[in-house]
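[1] My questions concern the predicted model and sequence given below.
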2 protein chains.
Amino acid sequence: MSASAWLEQLRDNGYRITAARRAVVETVQTATRALTPIEVYGLARKKDRALGLVTVYRTLEKLEELHLIQRVHQPMGCQAFISAGHGHQHLLLCQGCGQVEFFEGDDLDALMRSIAKKTGYQIKEHWLQLFGLCANCRA
Amino acid sequence: MSASAWLEQLRDNGYRITAARRAVVETVQTATRALTPIEVYGLARKKDRALGLVTVYRTLEKLEELHLIQRVHQPMGCQAFISAGHGHQHLLLCQGCGQVEFFEGDDLDALMRSIAKKTGYQIKEHWLQLFGLCANCRA
DNA sequence: TCTTTATTGAAAAACATTTTCAATAATTAT
DNA sequence: ATAATTATTGAAAATGTTTTTCAATAAAGA
């Protein structure tokens, strides 16, 4: 999808097209790595000198709302902790009560190998988190 | 593992056992949901009134280093963005250059169903991120 | 018990994010 | 085209989080 398609999406959802939004959209749309708000600010200001950081935050908010961008989670990025499971385990979180459960996920090895083959990556780590409702919160 | 086993681990790694650490360890070790530093602070202060928030940060740091706790990622918790892929896709990140790739991972459906059955959870969402080295950065 | 040295909490500093607000610019109606 | 309406803007202030600094304290070893 092109930058102008993103701008159309914004307009179609009742948002106005401005120089600031153009600069942010052009920056984020073409990026091949995840960018933080401050990085977007730094890059987008090359296109619109007057751009403010606040506008970057606000524009990213709207782009996420329209599913044009998505969050990327950094290993050290989230500050919430739970006592660790034994060995390599994955997390299952209840969206109702916050309860955390662990489960084994060694079924993933085959997937890893296939991805490695397809993409040429050497895969070092993986992360899997599931979200849902525990038996209690479903009732 | 018990709170005293965690304290032993700390001592065995050259750290001292203090009232502050005891309070933090007892709080985190028994938690069944992910806690932020401020939440730990609030709870642990019931056990040690004099506890400071800084010490909570420092203790969590050590517990993570010893793999006694692990991070839990919250949906809105990380501030880094990439233009979204089409449909439901997963991320593969290069630890060398930061490059992001997407891949399909519908092979997960079977795993989801099996986890749902085992745990009694109704699974709503899932998240998979892989980390590794891209073909370029391997060379 | 004494000595050494890691650990502490408070305060300050550094950073990141959100809110407020008057000025401005994009769209809509005329 | 132009005027009227109203979303959007950037700056500043406010808020919140995390890190650093430092002198006082307390844990562990002699």
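    Great, that's in hand.
[2] ok, and does the longest strand along chain A reach over to chain B?
    Of all segments of type strand in chain A, defined using DSSP state E, the longest is strand A:122-133. Yes - remark: strand A:122-133 sits within contact range of chain B at A:Q122, A:I123, A:K124, A:E125, A:H126, A:W127, A:L128, A:Q129, A:L130, A:F131, A:G132, A:L133, by Cβ under 8 Å from any Cβ of the partner chain. C-beta here means a position set from N, CA and C on the backbone, and glycine is covered the same way.
[3] Show me what the helix or strand of chain A with the lowest mean pLDDT is packed up against.
    The weakest-scoring helix or strand in chain A, judged by mean pLDDT, DSSP states H and E, is helix A:108-119 (a mean of 90). Under the contact definition 3 or more Cβ pairs under 8 Å, 6 or more residues apart in numbering or on different chains; DSSP states H and E, helix A:108-119 sits against strand A:122-133, strand B:100-103, strand B:122-133.
[4] Including mean pLDDT and distance to DNA strand C, could the ones you listed go into TSV?
    Formatted as TSV, the helices and strands packed on helix A:108-119 follow (pLDDT from 0 to 100; distance: least, Cβ to the nearest atom of the strand, whole Å):
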stretch	mean pLDDT	distance to DNA strand C
strand A:122-133	95	20
strand B:100-103	93	19
strand B:122-133	95	18
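[5] Now mean neighbour count too, for these, in TSV please.
    Shown next, in TSV, are those (neighbours: other Cβ atoms under 10 Å in any protein chain shown):
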stretch	mean neighbour count
strand A:122-133	17
strand B:100-103	19
strand B:122-133	17
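[6] Now distance to DNA strand D too, for those, in a markdown table please.
    Rendered in a markdown table, the data for the helices and strands packed on helix A:108-119 read as follows (distance: least, Cβ to the nearest atom of the strand, whole Å):
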| stretch | distance to DNA strand D |
| --- | --- |
| strand A:122-133 | 18 |
| strand B:100-103 | 24 |
| strand B:122-133 | 20 |
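[7] Just confirm A:G14 is within a helix.
    No - secondary structure of A:G14 (DSSP: H, G, I helix; E, B strand; the rest coil): coil, not part of a helix.
[8] A:Q129: what's it in contact with?
    A:H90, A:L91, A:L92, A:L93, B:V72, B:H73, B:H126, B:W127 (Cβ atoms under 8 Å, 6 or more residues apart in numbering or on different chains).
[9] 10 Å - rerun?
    Listed by Cβ atoms under 10 Å, 6 or more residues apart in numbering or on different chains, the contact set of A:Q129 reads A:73, A:90-93, A:100, B:72-75, B:125-129.
[10] Identify the bridge partners of it.
    As for beta bridges, A:Q129 partners with A:L91, B:W127 under DSSP bridges.
[11] how about the residues of chain A near DNA strand C?
    A:R11, A:R16, A:I17, A:T18, A:A19, A:T36, A:P37, A:I38, A:L53, A:V54, A:Y57 (Cβ under 7 Å from any atom of the strand).
[12] Around the closest residue to the last one other than its chain neighbours, count how many other residues there are.
    Of all residues beyond its chain neighbours, the one nearest A:Y57 is A:P37 (5.5 Å), with distances taken as Cβ to Cβ, 6 or more residues apart in numbering or on different chains. As a burial measure, A:P37 scores 18 neighbours (other Cβ atoms under 10 Å in any protein chain shown).
[13] From DNA strand D, how far off is A:P37?
    The gap separating A:P37 from DNA strand D is 12 Å, by Cβ to the nearest atom of the strand, to the nearest Å.
[14] which residues touch that residue?
    By Cβ under 10 Å, 6+ apart, A:P37 lies in contact with A:V24, A:L53, A:V54, A:V56, A:Y57, A:T59, A:L60, A:E61, B:Q79, B:A80, B:F81.
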